[in-house]
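K.L.:
coords please:
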Amino acid sequence: MTPIYFPFTWADASTIQAITTVFPKIAIYQPSDCWAPSLLQQFEQTGKIEIRVPVTEDSKKLEMMVADYQNWARLHQGSDLAFLKTRQPATPFIDHLSSRIRSDILHYQDSPTDPTPEPVFNARLFLKIAAAYDSQQAELNCDLAKIQNLEKRFMAALGNNAEMEEPVPLGNLPLFQDDPGDFMLSERLQAWSILFLQDRRQRSAGDLWVTSRLSVVEWIRDEIGMEQVLEINCIPIQKTIDDSTRFWQESIMAYLSQLQAAPWPSAIKTFEPPSSEYAWENAVSVKGFIIPNQTPDALLQQMAADKSAQVPDSDQFRHTLVVCVTPI
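P.N.:
Numbers count the residues shown, from 1 in each chain. Presented below is the predicted three-dimensional model:
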């Protein structure tokens, strides 16, 4: 079972490294097969992620519309995705006002109907634009973090101490600005669910979902309800997977797999994290949650508002499991 990263189609290097500390490999879905971020391709080559593209139709059209939107946004709305909220379920950036006025004048006796909504295509388009937004905001936040650390070093040099005790590294800084992934979260969950439900080949009834943002867990808890079943305060991030790290990963996965198939309330013993002698300066925390008596696909249908999607046979798996991995 390969854990599924959700509800995003882009992740930075620190996020992927943090999650693959807990799970050896994760799957990341993409809305188009025309182009995948180079960062994801690099991690795919190392075997840490698996890129999945459930829908490949109209990918070139999708890429062209994303490019058109980005050009349009620079002229009209900047890079703010809030404008997308007013356009759903229509394609989110094409302004039909002038064409409608012209059509009303020429065909005032007719009642032209709007084109049939394309929920899958529009979801893919939204996720593509959202991924570009996330990438851009992450880059801006990283640049800002570097500037702030340079300012701290400069101020320290002007003080009594000519140098700081420990120089601040300028590369690979953690992002501490506003998280762009929290923006339009409910729309992201809906669009991602629609895309995921199109995968009739690789998805299964026992998929495990993993995210890096507590806001995702809070949204599901508030809207649907869940119970916490796992908490590990510190797991060290290791550059190489040794026997101890592999033992962490196998123990967590085995515990979660048993929970997913057992009746609820579960009689399975609470997971006890194995001890470790690693230093904790560079580590992640893990929280696991269960949505009892609701399979992953049933929950996805609810979030996607799609009752027509096919649900795989789930006699073996009874519950949905969501794991949140966050850097400490």
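
K.L.:
rounded mean pLDDT for stretch 61-70, please.
P.N.:
Taken as a whole, stretch 61-70 carries a mean pLDDT of 85.

K.L.:
can you tell me how far Phe6 is from Glu118?
P.N.:
Remark: distance between Phe6 and Glu118 (Cβ to Cβ, to the nearest Å) = 22 Å. All C-beta spots, glycine's among them, are computed from the backbone N, C-alpha and C.

K.L.:
looking at these two, which one has more neighbours?
P.N.:
Phe6 (23 against 14; other Cβ atoms under 10 Å).

K.L.:
ok, the more buried one - contacts?
P.N.:
Contacts for Phe6 (Cβ atoms under 8 Å, 6 or more residues apart in numbering) come out as 29, 192, 196, 209-211, 216.

K.L.:
what are the bridge partners for the residue lying closest to it once chain neighbours are set aside, then?
P.N.:
Spatial nearest neighbour of Phe6, excluding adjacent residues (Cβ to Cβ, 6 or more residues apart in numbering): Trp209 at 5.1 Å. Following DSSP bridges, Trp209 is listed with bridge partners Ile4, Val322.

K.L.:
and the helices in the stretch 201-328 of the chain?
P.N.:
Taking DSSP state H, counting those that start in this stretch as the criterion, the stretch 201-328 of the chain carries its helices at 214-223, 243-261, 296-304.

K.L.:
how far off centre is the second one?
P.N.:
What that stands for is helix 243-261. 22 Å (Cα atoms, centre = their mean, to the nearest Å).

K.L.:
now that helix: buried residues?
P.N.:
Across helix 243-261, burial judged by 16 or more other Cβ atoms under 10 Å covers 245, 248-249, 252-253, 255-256, 259-260.

K.L.:
please apply the same query to the last one.
P.N.:
Neighbour-count burial for helix 296-304, counted by 16+ other Cβ under 10 Å, picks out 296-297, 299-301, 303-304.

K.L.:
from Ile268, how far out is Thr245?
P.N.:
Counting by Cβ to Cβ, the gap from Thr245 to Ile268 is 24 Å.

K.L.:
and if you look at Glu223?
P.N.:
Taken as Cβ to Cβ, the span from Glu223 to Ile268 is 27 Å.

K.L.:
returning to what we had before: list just the nearest of the buried residues of helix 243-261 to Arg201.
P.N.:
Gln260 (21.1 Å; Cβ to Cβ).

K.L.:
gap between the closest one and Gln294?
P.N.:
For Gln260, the distance to Gln294 - Cβ to Cβ - is 11 Å.

K.L.:
show me where the stretch 1-150 of the chain has helices.
P.N.:
13-22, 38-45, 59-76, 97-106, 119-158.

K.L.:
got the CA coordinates for the third one in CSV?
P.N.:
Yep, that's helix 59-76 we're talking about. Output in CSV follows, covering the C-alpha atoms of helix 59-76 (Å, rounded to 0.1, in the frame of the first residue of the first chain):
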residue,chain,number,x,y,z
SER,A,59,-3.9,17.9,-21.4
LYS,A,60,-2.6,20.3,-24.1
LYS,A,61,-5.8,22.3,-23.9
LEU,A,62,-5.4,22.3,-20.1
GLU,A,63,-1.8,23.6,-20.3
MET,A,64,-2.9,26.3,-22.8
MET,A,65,-5.7,27.5,-20.5
VAL,A,66,-3.4,27.6,-17.5
ALA,A,67,-1.0,29.8,-19.5
ASP,A,68,-3.9,32.0,-20.6
TYR,A,69,-5.1,32.4,-17.1
GLN,A,70,-1.6,33.3,-15.8
ASN,A,71,-1.3,36.0,-18.5
TRP,A,72,-4.9,37.2,-17.7
ALA,A,73,-4.2,37.2,-14.0
ARG,A,74,-1.1,39.5,-14.4
LEU,A,75,-3.3,42.0,-16.2
HIS,A,76,-6.5,41.8,-14.1
